[in-house]
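Q: Following is a predicted model, sequence given first.
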Amino acid sequence: MTRPRRRRPTLVLRGVAKTYGAGETAVRALRGIDLVVERGDFLAVMGASGSGKSTLMNVIGCLDVPTAGRYLLEGIDVSQLDDLELAFIRNRKIGFVFQTYNLVPRTSALRNAELPLVYARVPKHERRQRAVEALEAVGVADRMHHLPSELSGGQQQRVAIARAIVTNPAIVLADEPTGNLDSASGAEVMQIFSRLNAAGRTIVMITHEHDIAEHAKRVIHLVDGRIESDHRTAALDALPPKLAAAEVPRAELA
Ligand code: ADP
Ligand code: MG
């Protein structure tokens with residue numbers, strides 16, 4: 001009998017360290033992170049201000065390289081890549097969601113969602129279709145011709161999530177995605193992340209709010225650049241814990 005082959009983890013970090021500066025003023029932001037994130041997981045990264053959350057996000061997102069240790073993204077050793085290759089990997093494999101949405105102003109929701117595909121040189125017709133599908137998946141397709149300034153915070157964050165998933169990335173990385181939202185819009189955004197995860201997307205989300213972390217299936221805590229605790233709150237292949245009972249994952253999210 002052949003056993004099903006285990007899938008390669010999406011992220012593998014081994015002894016990852018990041019030091020800013022040198023000598024007396026050196027800041028050891030990460031001090032030996034060992035972390036494996038399997039495909040389909042929904043990880044929340046918690047920790048006090050200054051504990052290294054953003055540094056970890058920058059390393060995972062290939063925005064910065066570790067000063068020591070190894071980092072494999074879908075089996076690719078990222079530390080070996082030059083800036084051009086890193087930019088390519090970021091565009092193809094990572095979808096970013098920021099606290100402040102970071103949409104391009106005076107540019108429609110549709111065009112914002114489409115932009116990563118412009119950089120990826122996807123032909124116009126396909127690009128448009130995929131951007132519309134991504135906006136539909138997060139429930140803002142009816143706003144596609146609006147500018148960011150004409151959208152609520154929650155709607156802007158949905159457009160940002162559409163932009164993050166439009167390239168079909170290996171991982172969606174979110175840094176405090178509900179930090180600027182009122183609790184109702186924040187809850188809606190978390191339902192969207194839960195639905196994306198239920199449809200198979202791997203999510204790594206930074207938050208300092210416990211009720212937001214409760215949406216994830218696994219929670220790690222950083223203290224002074226180290227992982228202090230690592231708790232699984234739902235099985236890897238289970239639905240995310242806070243997915244509303246009425247929410248059945250829709251095929252178009254996959
Ligand atoms: P968090 O996101 O958890 O608040 P950070 O990862 O931003 O933490 O920061 C971790 C530590 O690294 C802090 O002490 C911070 O001051 C320091 N740090 C972050 N970025 C830089 C930088 N570019 N240069 C120097 N120190 C930095
Ligand atoms: Mg931070």
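A: The structure has been received and is ready for your questions. Ligands and ions are numbered 1, 2, ... in the order given.
Q: Report the secondary structure element holding residue 113.
A: Assigned by DSSP states H and E, residue 113 belongs to helix 109-119.
Q: So which elements touch that helix?
A: Using 3 or more CB pairs under 8 Å, 6 or more residues apart in numbering; DSSP states H and E as the contact test, the elements touching helix 109-119 are helix 124-137, helix 153-165. In this view, the C-beta of every residue, glycine as well, is placed from N, C-alpha and C.
Q: export these to JSON lines and tack on mean pLDDT?
A: Converted to JSON lines, these look like this (pLDDT from 0 to 100):
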{"stretch": "helix 124-137", "mean pLDDT": "97"}
{"stretch": "helix 153-165", "mean pLDDT": "97"}
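Q: for the ones you listed, which one ends up most surrounded?
A: Each of the helices and strands packed on helix 109-119 was scored by mean neighbour count; the highest is helix 153-165, a mean of 25, by mean count of other CB atoms under 10 Å.
Q: what comes into contact with that one?
A: With contacts defined as CB atoms under 8 Å, 6 or more residues apart in numbering, helix 153-165 is touched by 95-98, 101-103, 109, 112-113, 115-116, 131, 134-135, 137-140, 143, 148, 151, 172, 174, 177-178, 180-182, 184-186, 188-189, 192-193, 196, 201.
Q: Can you give me every residue that contacts residue 145?
A: Shown in contact with residue 145 (CB under 8 Å, 6+ apart): 108, 109, 110.
Q: same question, residue 42
A: 193, 194, 197, 202, 203, 205, 215, 216, 217, 218, 234, 240.
Q: With respect to residue 70, which of those is nearest?
A: Distance to residue 70 across the contacts of residue 42 (CB to CB) is lowest for residue 202, with 19.2 Å.
Q: Would you agree the closest one is in contact with residue 40?
A: Yes - in this structure, residue 202 is within contact of residue 40 by CB atoms under 8 Å, at 6.0 Å.
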